[in-house]
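[1] Structure here, sequence nowhere to be found:
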């Protein structure tokens, strides 16, 4: 069998790109020849280092011809519907697109060639089904839970997410603002680490962040490898996220977290998630069971202090977070994808 994979955002090295490479890995594991469309072959090394996913045997080629001549085509949509030509065609949405004229006659015709519309979360699926008049399925992103384990925990709050300001801002400046209040309230032995890609869409944001951290124990880790991330996850006691904070969910669903891969990775390593209550986050965290969902900065700080005031509470949340993260494992992803294939 021959398979083609197209993702127009590969160089952003984000969650959707990890998803696409997991599809490639599943296919390669089952002796399928895989061609990944990209103009620069050096992207393979960058993908492997960032995500810790081996792509040995895959081919990076400039054009997969919309699947023409292939048995399988996995295509990540940019909001449009392509005319796919493989024997089996899978259209993947990692963004909750809306108001893109999804139910046009031309799109309806193109969708006849699509075997399955696959979404990364129920949150995304709700928008895609409504916009395009389809009945998509959800296959959650795969998390390498087997290799993520707690180490010696430190007084460390972690966030992992790209610093890009394109489409969806991760709001690292909000986390810095909250941490300053947390630190000044008496938690002087804590530090905040912000790790993420800086390849595209950063502009002057990173410089402003670095200036705003002066005088506080805040560390910025630029474009970490997966090995670096595993170390950070293993040492972090808490995982914060402010993605979606300040966004009008009805007008701009793209601004919310569509799933939240890094939150699950943190949970797998025993870090307790305290993340913004919107988008795909609500499918990950069970409030007060394996973490917390917050809506105001006051709540973020309140839940943080609740988790820390009693060691037994933090331990209980951490153990439950690890257990609940397992439902997003690579094995679960592979099983679900092969069933669809």
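    Here it is on my side, so go on. Here the structure is a predicted model, which is why all the values come from computation and not from measurement. Residues are numbered from 1 along each chain as shown.

[2] any idea how far the nearest residue to residue 279 once chain neighbours are set aside is from residue 36?
    Nearest non-adjacent residue to residue 279, counting by Cβ to Cβ, 6 or more residues apart in numbering: residue 256, 3.3 Å away. Any C-beta I mention is one placed from the backbone N, CA and C, and that applies to glycine too. Distance, residue 256 to residue 36, using Cβ to Cβ, to the nearest Å: 28 Å.

[3] Which pLDDT value belongs to the residue nearest to residue 279?
    On pLDDT, residue 256 comes in at 95.

[4] Count the neighbours of it for me.
    Residues near residue 256, counting by other Cβ atoms under 10 Å, number 23.

[5] What of residue 68?
    Neighbour tally, residue 68, other Cβ under 10 Å: 13.

[6] And for residue 40?
    11.

[7] Tell me the secondary structure at it.
    Recorded secondary structure, residue 40: coil (DSSP: H, G, I helix; E, B strand; the rest coil).

[8] residues contacting it?
    Each residue near residue 40 by Cβ atoms under 8 Å, 6 or more residues apart in numbering is listed here: residue 60.

[9] and the gap between residue 143 and residue 219?
    Residue 143 is 24 Å from residue 219, by Cβ to Cβ.

[10] Next, give phi and psi for residue 230.
    phi -60, psi -40 (degrees, to the nearest 10).

[11] For it, give me its contacts.
    52, 147-148, 269 are the contacts of residue 230 under Cβ under 8 Å, 6+ apart.

[12] Could you do residue 142 as well?
    18-19, 22, 328-330, 332-334.

[13] now do residue 301
    So residue 301 contacts 178, 181-182, 185 (Cβ under 8 Å, 6+ apart).

[14] State the next helix or strand along the chain beyond the strand or helix carrying it.
    Assigning secondary structure by DSSP states H and E places residue 301 in helix 297-309. Once helix 297-309 ends, the next helix or strand along the chain (criterion: DSSP H and E) is helix 311-325.

[15] Any buried residues in stretch 267-285, and which?
    267-282, 284-285 (16 or more other Cβ atoms under 10 Å).

[16] returning to that earlier point: now, the contacts of residue 230 that are in helices?
    Within these, no residue falls in helices by DSSP state H.

[17] which one of those is nearest residue 63?
    Nearest to residue 63 among the contacts of residue 230, counting by Cβ to Cβ, is residue 52 at 27.9 Å.

[18] So the closest one sits against residue 147, correct?
    Yes. Using Cβ atoms under 8 Å, residue 52 makes contact with residue 147 at a distance of 7.3 Å.

[19] what about stretch 61-71, how long is it end to end?
    The first and final residues of stretch 61-71 sit 17 Å from each other (Cα to Cα, to the nearest Å).

[20] Identify those among the buried residues of stretch 267-285 that sit within helices.
    267-268.

[21] sorry, back to before: between the contacts of residue 230, which is closest to residue 226?
    Distances from residue 226 to the contacts of residue 230, taken by Cβ to Cβ, are shortest for residue 52, at 3.3 Å.
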